[in-house]
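Participant: Here's my sequence, what's the structure:
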Amino acid sequence: MDNLDDLKKIWHSADTHSLPGTVQMMQAIRKYRSSKLMKKTALVAAAILLTGVSIAVVFIYKSVMLSTRIGEACMIIAGFMLVFTNIKSLGRLYRVKDFTNKEFIDYLEQVQRNRIYYHNKTQVAGLSLVSIGLLLYIYEAVHNNLYLCIAAYAFTAAYLLVIWLVIRPRAYKRQAKKLDGEIKRMLLISKQF
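Facilitator: Below you'll find the predicted structure:
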């Protein structure tokens, strides 16, 4: 029976003050939700505003060339894609309110899968439409002057290459790292209960 008494002493002497409680888990869920809601809402508002400006430009600016109209259409479609995907994401965020630990971790894992799909499919389609639209849109303004045309297309191509090859991958890695860290932290908290 001496071993049992030793085990009891060890059990009662363990420091449990550093372990998170349910309050901390709920605070983490609320913090995550409110942060994402604010960012997504701002993104949707900006996308709606910019898409509205693009639509207004179609009616205000009387273009002569078909390439300009096709470019405008591509950029407007990309704007609608951005609005639609983020409104869908907002809907998922609103349902985060009353999750258990396991449900929240499952939600974060689903967000991770959605992010991979968005990065590989939806973002590529939207960015392709915007790139094509921008290249077609500027042609009418610069086609009369060869040097201006070369300069404008060189600058636009460089800009698009930076977006595609530098900013897009870095943003994805940064967001994926942040989400992985959040999932690991929630798993650690959940396992400690």
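Participant: Low-confidence ranges, this structure, go.
Facilitator: 1-22, 25, 98, 192-193 (pLDDT under 70).
Participant: Let me see the ranges of the helices in it.
Facilitator: For the chain, helices defined by DSSP state H occupy the ranges 2-13, 22-60, 66-94, 101-117, 123-137, 139-142, 146-162, 168-192.
Participant: Can I get those helices in JSON lines including mean neighbour count?
Facilitator: For glycine as for every other residue, the C-beta is placed from the backbone atoms N, C-alpha and C. JSON lines is the format used below for the helices of the chain (neighbours: other CB atoms under 10 Å):
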{"stretch": "helix 2-13", "mean neighbour count": "8"}
{"stretch": "helix 22-60", "mean neighbour count": "14"}
{"stretch": "helix 66-94", "mean neighbour count": "17"}
{"stretch": "helix 101-117", "mean neighbour count": "15"}
{"stretch": "helix 123-137", "mean neighbour count": "18"}
{"stretch": "helix 139-142", "mean neighbour count": "16"}
{"stretch": "helix 146-162", "mean neighbour count": "12"}
{"stretch": "helix 168-192", "mean neighbour count": "13"}
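Participant: roughly how far apart are the residue positioned nearest the centre of the chain and Thr156?
Facilitator: Closest to where the C-alpha atoms of the chain average out (CA atoms, centre = their mean) is Arg115, at 7.1 Å. If you measure Arg115 against Thr156 using CB to CB, to the nearest Å, the figure is 28 Å.
Participant: got the contact list for Asp180?
Facilitator: Gln112 (CB atoms under 8 Å, 6 or more residues apart in numbering).
Participant: Ile138 and Ala152 touch, don't they?
Facilitator: Yes - between Ile138 and Ala152 there is a contact at 5.6 Å, judged by CB atoms under 8 Å.
Participant: before we move on, the earlier item: please report how far the residue nearest to the centre of the chain lies from Leu188.
Facilitator: Counting by CB to CB - Arg115 and Leu188 are separated by 21 Å.
Participant: and the gap between Leu93 and Ala158?
Facilitator: Taking CB to CB, one finds Leu93 at 36 Å from Ala158.
Participant: same check, this time on Phe104
Facilitator: Applying CB to CB to Phe104 and Ala158 gives a distance of 43 Å.
Participant: ok, now Ile189?
Facilitator: Ile189 is 45 Å from Ala158, by CB to CB.
Participant: do Arg113 as well
Facilitator: Taken as CB to CB, the span from Arg113 to Ala158 is 34 Å.
Participant: likewise Tyr137?
Facilitator: 17 Å.
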